[in-house]
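Trainee: would you be able to build a 3D model of this:
(one chain, ligands or ions: 1)
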Amino acid sequence: MIQVENLSFNYVGTKREVFSDFSLQLTDNKIYGLLGKNGTGKSTLLYLLCGLLRPKKGGVFIDGVLASDRRSAMLEDIFMVPEEFTLPQVTLDTYVKMNKGFYPHFSEEVLERCLADFELSRQTKLHQLSMGQKKKAFMSFALATGTRLLLMDEPTNGLDIPSKSQFRKVIANNMTADRILIISTHQVHDIESLLDHVLILSQSNLLLNASVSDISDDYKFEYRTPAEMDDSVLYAEPSLQGNAVIVRRQPSDHETPMNLELLFNAVITGKLR
Ligand SMILES: Nc1ncnc2c1ncn2[C@@H]1O[C@H](COP(=O)(O)OP(=O)(O)OP(=O)(O)O)[C@@H](O)[C@H]1O
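Mentor: You can find the predicted model right below:
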């Protein structure tokens, strides 16, 4: 379990607090979607969670251990895939041999499976890969590490259309029961079917912290013609299929798939608070 307790943080040389007295609890066996407008602190939160940034006040505790202490036992169980990264000028095979020793739960089987799904070979030279291919190679390594906490910042940026569904397949097939995966992204359609829980961040606080099952219990996402618009509509956006709407779900209503973009827009405009 991850406990973020009364965290305050500002970057060196700036006065503005990106987080001020911010608390959050994350539990095992869940995929979290971390959403928010530009500059709200999503990447900063990921770096604070893995202890690469140190809070001014408060702390992040991973199973009771302070993340910013960066103890080796904790580092074995955390992996972060940043939005941008550089990889050494070696083959993927050499990279794996050089780095897998840091992760006691590393699985060659998971690596092979992910590489096969992403159509990558271990002999591929990392420095000759395109941005999207590099991301797929690094995400395969990340999943193979077997760390309990896996953080991904904009993982689908740079992936082509077929790779986005491969990404969902790879994640769904390799989530183990004790793992926490946090995906920060603006590409909501790429991940909405994967998520167990949605976090929407806004200037240092959470506008939404809800499980997908609670969201689906409470709301219905559907399309309505202008004639069908009534007082039950909590939020609406015009779309080609009619108005995309969120309405409160009644006990007799069928569950509908969550429309994450609509939910996000409804929450940040204050329509679902
Ligand atoms: N190295 C830095 N030095 C100073 N301020 C920074 C630094 N990195 C980020 N910030 C500021 O911290 C705030 C949060 O930035 P962060 O990158 O965490 O946001 P984000 O939600 O990930 O944004 P985006 O969606 O654009 O990626 C922003 O106001 C940004 O200007």
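
Trainee: which parts of the stretch 1-150 of the chain sit against the ligand?
Mentor: Listed as neighbours of the ligand in the stretch 1-150 of the chain under the rule CB under 6 Å from any ligand atom: 11, 14, 18, 36, 38, 39, 40, 41, 42, 43, 44. Using the backbone N, CA and C atoms, a C-beta is placed for each residue, glycine as well.

Trainee: ok so the second one is a strand residue?
Mentor: No - remark: residue 14 does not belong to a strand; assigned using DSSP: H, G, I helix; E, B strand; the rest coil, it is coil.

Trainee: burial count for it?
Mentor: By other CB atoms under 10 Å, 8 other residues sit near residue 14.

Trainee: can you pull the pLDDT of it?
Mentor: On pLDDT, residue 14 comes in at 92.

Trainee: still on that earlier bit, which ones among the residues of the stretch 1-150 of the chain next to the ligand map onto strands?
Mentor: residue 36 (DSSP state E).

Trainee: mark which of the residues of the stretch 1-150 of the chain next to the ligand are buried, thanks.
Mentor: Among those, those buried by neighbour count (16 or more other CB atoms under 10 Å) are 18, 36, 40, 41, 42, 43, 44.

Trainee: same list, these, but as JSON lines with pLDDT and distance to residue 235 please.
Mentor: Shown next, in JSON lines, are those (pLDDT from 0 to 100; distance: CB to CB, whole Å):
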{"residue": "18", "pLDDT": "94", "distance to residue 235": "28"}
{"residue": "36", "pLDDT": "95", "distance to residue 235": "18"}
{"residue": "40", "pLDDT": "94", "distance to residue 235": "20"}
{"residue": "41", "pLDDT": "94", "distance to residue 235": "24"}
{"residue": "42", "pLDDT": "95", "distance to residue 235": "23"}
{"residue": "43", "pLDDT": "95", "distance to residue 235": "28"}
{"residue": "44", "pLDDT": "96", "distance to residue 235": "28"}
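
Trainee: now flag whichever of those residues is closest to residue 141.
Mentor: residue 43 (20.2 Å; CB to CB).

Trainee: just list whatever residues bridge to the closest residue to the closest one other than its chain neighbours.
Mentor: Sequence neighbours aside, residue 153 is the residue nearest to residue 43 in space, at 5.5 Å (criterion: CB to CB, 6 or more residues apart in numbering). Note on residue 153: beta-bridge partners residue 184, judged by DSSP bridges.
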